[in-house]
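[1] Sequence and computational prediction follow.
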Amino acid sequence: MPPRKARDQPARQANVVVGLAPEVIAKRTKRHLDELERSNYAEPTVSFLGEEDGDQSAKSRARQTISDKRNQADGGKKKKSSMNVRTAILYRKNLATLIDESGIASLPPHVPTYLTAVTPPPREPPRLMCSVCGYWGKYKCKRCAMPYCDLNCEGVHNETRCERRVI
C-alpha cells in the first residue's frame with residue numbers, strides 16, 4: 001500500500017481581537033452596572049396595614065416563617081416588628097444611596113472604609129466569562145469583543161446583546 005499523502009491544511013489565524021480603549025471598557029462596565037442597579041429595584045411586597053388573621057390565604061400561610069408561627073402560638077397575637085425593621089422593608093435603598101447617607105466619604109483618608117478599600121492587582125489575567133450564560137467564555141465577538149462560550153451563546157449574543165461596535 002502506498003504511503004498516505006499528508007493533507008496540508010492552511011494555518012488558522014487565531015481569534016485576535018484588538019484591545020479596546022480603557023475608557024470604552026470603563027464606560028461599558030459603568031453602563032452595565034447602572035442597568036443592573038435599575039433592574040434590581042423591587043417594590044416592597046410586605047404590607048403592614050390592615051392585616052388580619054381571619055383573611056389569610058393559603059399562600060401567605062405557606063410563606064410564614066417558623067419564628068412567626070411560634071410567636072402566634074405563644075401569645076395568640078403576632079408580635080409587632082420594630083420600627084427599624086419596618087422602615088428597612090418599606091423604604092429599600094440601593095447601595096449608592098446607603099453609602100451617601102452613611103457619610104463615609106467625609107472621613108479622613110487614613111480611616112479604612114468601603115470606599116478606600118483596595119487590593120493589589122491580580123497576578124493572572126482576568127478570566128473571561130460568557131456574556132450570555134456565565135460559563136467560561138473561550139471566544140470573543142469580532143464586533144464588540146464580548147466573550148461567549150459556544151455557538152448557542154454566540155447566536156443569542158448576535159441576536160440580542162451585540163453592541164455592533166467595529167473594533
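    Thanks, I have it.

[2] In the host helix or strand of residue 39, which residues are buried?
    Using DSSP states H and E, residue 39 maps to helix 22-40. By neighbour count on 16 or more other C-beta atoms under 10 Å, the buried set for helix 22-40 is residue 28. Backbone N, C-alpha and C define where each C-beta goes, glycine included.

[3] Just the mean pLDDT for it, thanks.
    Averaging pLDDT along helix 22-40 gives 79.

[4] export it as PDB, just CAs?
    The C-alpha trace of helix 22-40 is given here as PDB (Å, rounded to 0.1, in the frame of the first residue of the first chain):
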ATOM      1  CA  PRO A  22      -9.800  51.500  28.700                       C
ATOM      2  CA  GLU A  23     -12.200  54.400  28.600                       C
ATOM      3  CA  VAL A  24     -14.600  52.400  26.400                       C
ATOM      4  CA  ILE A  25     -14.400  49.400  28.700                       C
ATOM      5  CA  ALA A  26     -14.900  51.500  31.800                       C
ATOM      6  CA  LYS A  27     -17.900  53.300  30.100                       C
ATOM      7  CA  ARG A  28     -19.400  49.900  29.100                       C
ATOM      8  CA  THR A  29     -18.900  48.500  32.600                       C
ATOM      9  CA  LYS A  30     -20.500  51.500  34.200                       C
ATOM     10  CA  ARG A  31     -23.500  51.400  31.900                       C
ATOM     11  CA  HIS A  32     -24.000  47.700  32.600                       C
ATOM     12  CA  LEU A  33     -23.800  48.200  36.300                       C
ATOM     13  CA  ASP A  34     -26.200  51.100  36.200                       C
ATOM     14  CA  GLU A  35     -28.600  48.900  34.200                       C
ATOM     15  CA  LEU A  36     -28.300  46.200  36.800                       C
ATOM     16  CA  GLU A  37     -28.900  48.600  39.600                       C
ATOM     17  CA  ARG A  38     -32.100  49.900  37.900                       C
ATOM     18  CA  SER A  39     -33.400  46.400  37.200                       C
ATOM     19  CA  ASN A  40     -32.600  45.200  40.700                       C
END
